[in-house]
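Asker: quick one: sequence plus predicted model below, questions after.
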Amino acid sequence: MSRWQELTGGTSGQDYAARFAALTRSGKDVHGEARFCAALVPAGARVLDAGCGTGRVMIRLATLGYDCVGVDLDASMLAVAQQEAPELTWLQGDLSTLEPDRLGIAADFDLVVAAGNVIPLLAAGTEAAVVERLATALRPGGLLVAGFGLDEAHLPVPPSTTLREYDDCCAAVGLTLVDRFATWDADPYDGGGYAVSVHRR
């Protein structure tokens with residue numbers, strides 16, 4: 001069982017969506033992840049939203065002209081995504097065993113994004129397998145972008161993955177670190193408790 005399932009019971013889709021809807025109403029910008037990704041690849045590029053949740057990031061990217069596919073294990077989150085944007089491709093699946101061809105999608109994505117603490121909320125011990133599966137979904141030269149917390153202040157669960165461990169997982173499957181930032185607004189990484197990492201296949 002993933003740490004996310006342990007945390008939420010797999011029933012938090014509506015509550016999660018409501019929280020971000022409230023943030024939007026308050027005037028807060030909730031599209032930093034999509035803006036970050038859009039700065040890396042041109043409109044029309046193929047994007048896999050790995051751990052897409054309720055679809056907040058992917059729906060915004062689709063609006064900006066990207067060819068998007070979303071995958072998540074949590075049916076309650078996907079139900080919200082499908083209701084919000086039924087015209088987009090939402091797939092239920094475990095990232096640690098992801099096989100794009102079996103899901104009917106080509107494994108030639110220009111960018112794979114894992115936002116929203118996807119990596120530290122995986123099932124313990126599956127991190128390397130997930131990184132390998134996400135790398136396999138990329139075309140040669142494609143980018144893997146992952147943003148996640150590294151300390152208790154930035155996570156809803158105890159910290160489980162260090163940047164060194166994540167980089168080692170990436171290196172093991174032939175991914176090279178391109179850049180690292182402290183926020184989705186591309187602030188320079190300063191060793192703090194949150195990092196957005198960009199690796200290239």
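Answerer: Now that the structure is in, tell me what you want to look at.
Asker: off-centre distance for the lengthiest strand in the chain?
Answerer: Across the chain, the longest stretch assigned as strand under DSSP state E is strand 138-149. On the basis of Cα atoms, centre = their mean, to the nearest Å, strand 138-149 sits 9 Å off its chain's mean C-alpha point.
Asker: same deal with stretch 168-179?
Answerer: 16 Å.
Asker: buried stuff in it?
Answerer: By 16 or more other Cβ atoms under 10 Å, the buried positions in stretch 168-179 come out as 169-170, 173, 175. Where C-beta positions appear, they are placed from N, C-alpha and C, glycine not excepted.
Asker: now swap in stretch 141-148 and tell me
Answerer: Those would be 142-148, for stretch 141-148 by 16+ other Cβ under 10 Å.
Asker: picking up where we left off before, any chance of the buried residues of stretch 168-179 in JSON lines, with distance to residue 162 and secondary structure too?
Answerer: Converted to JSON lines, these look like this (distance: Cβ to Cβ, whole Å; DSSP: H, G, I helix; E, B strand; the rest coil):
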{"residue": "169", "distance to residue 162": "11", "secondary structure": "helix"}
{"residue": "170", "distance to residue 162": "13", "secondary structure": "helix"}
{"residue": "173", "distance to residue 162": "18", "secondary structure": "coil"}
{"residue": "175", "distance to residue 162": "17", "secondary structure": "coil"}
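Asker: what pairs with the longest strand of the chain, and is each one parallel or antiparallel?
Answerer: Applying DSSP bridges to the sheet, strand 138-149 is found paired with strand 109-114 (parallel), strand 194-200 (antiparallel).
Asker: please identify which of the buried residues of stretch 168-179 is nearest to residue 156.
Answerer: Nearest to residue 156 among the buried residues of stretch 168-179: residue 169, at 21.6 Å, using Cβ to Cβ.
Asker: check contacts around that closest one.
Answerer: Residues near residue 169 by Cβ atoms under 8 Å, 6 or more residues apart in numbering: 127-128, 131-132.
Asker: quickly find the element holding the residue nearest to it when sequence neighbours are not counted.
Answerer: Distance criterion Cβ to Cβ, 6 or more residues apart in numbering; nearest residue to residue 169, sequence neighbours excluded, is residue 131 at 4.1 Å. Element membership of residue 131 [criterion: DSSP states H and E] is helix 127-136.
Asker: now do that helix against strand 194-200, angle only.
Answerer: Using axes from the mean of the first three to the mean of the last three Cα atoms, to 10 degrees, the direction of helix 127-136 lies 50 degrees away from that of strand 194-200.
Asker: what sits up against helix 127-136?
Answerer: Contacts of helix 127-136 (Cβ under 8 Å, 6+ apart): 48, 50, 95-100, 107, 112, 114, 119, 122, 144, 161, 165-166, 169-170, 172-175, 201.
Asker: of the contacts of residue 169, closest to residue 42?
Answerer: Relative to residue 42, the closest of the contacts of residue 169 is residue 131; by Cβ to Cβ it sits at 25.0 Å.
Asker: that closest one and residue 63: what is the separation?
Answerer: Here the criterion is Cβ to Cβ, to the nearest Å. By it, residue 131 lies 28 Å from residue 63.
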